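A.B. asks: coords please:
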Amino acid sequence: QLVESGGGLVQPGGSLRLSCVESGRALGDYAIGWFRQAPGKAREGVSSISTSGISTAYADSVKGRFTISRDNAKNTVYLQMNSLKPEDTGVYYCAGQYGTFRGLSRHEYDDWGQGTQVTVSS
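C.D. replies: Residues are numbered from 1 along each chain as shown. Now for the predicted structure:
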């Protein structure tokens, strides 16, 4: 089971770090992706990471601002979000798929967390 945490309210330009913890399996066997969904919009891929952590992918809208990483010993994947903008607001989900690496399409993942709300507003 994937569980996200770390969301909250932050001012524009601020930072948050999201965590995605797997409670029942070895997270190191799963490629992980972060997705977000704003009200009235489709869920979009933000970033993904391979099982080893060597390969990563980012949506153009977050490149240079967000960093994905993982600590397999802690069964945790992180999303460090810096220079946050109001358009980053939404519910952030982590998703997992058995295998080495997946991209930013939601259809590539079978397992999903419940999401954590991120609101960027002054």
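
A.B. asks: Based on its surroundings, how many neighbours for the closest residue to residue 97 other than its chain neighbours?
C.D. replies: Closest residue to residue 97 apart from its sequence neighbours, by C-beta to C-beta, 6 or more residues apart in numbering: residue 109 at 4.6 Å. (C-beta placed from N, C-alpha, C; glycine too.) By other C-beta atoms under 10 Å, the residues close to residue 109 number 23.

A.B. asks: how close does residue 109 sit to residue 80?
C.D. replies: Distance of residue 109 to residue 80, given as C-beta to C-beta, to the nearest Å: 21 Å.

A.B. asks: same thing with residue 96?
C.D. replies: For residue 96, the distance to residue 80 - C-beta to C-beta - is 19 Å.

A.B. asks: More neighbours: which of the two?
C.D. replies: Using other C-beta under 10 Å, the more surrounded residue of residue 96 and residue 80 is residue 96, with 23 against 15.

A.B. asks: Just give me the neighbour total for residue 2.
C.D. replies: Neighbourhood size, residue 2 [other C-beta under 10 Å]: 23.

A.B. asks: Leaving out sequence neighbours, find the closest residue to it.
C.D. replies: residue 113 (3.8 Å).
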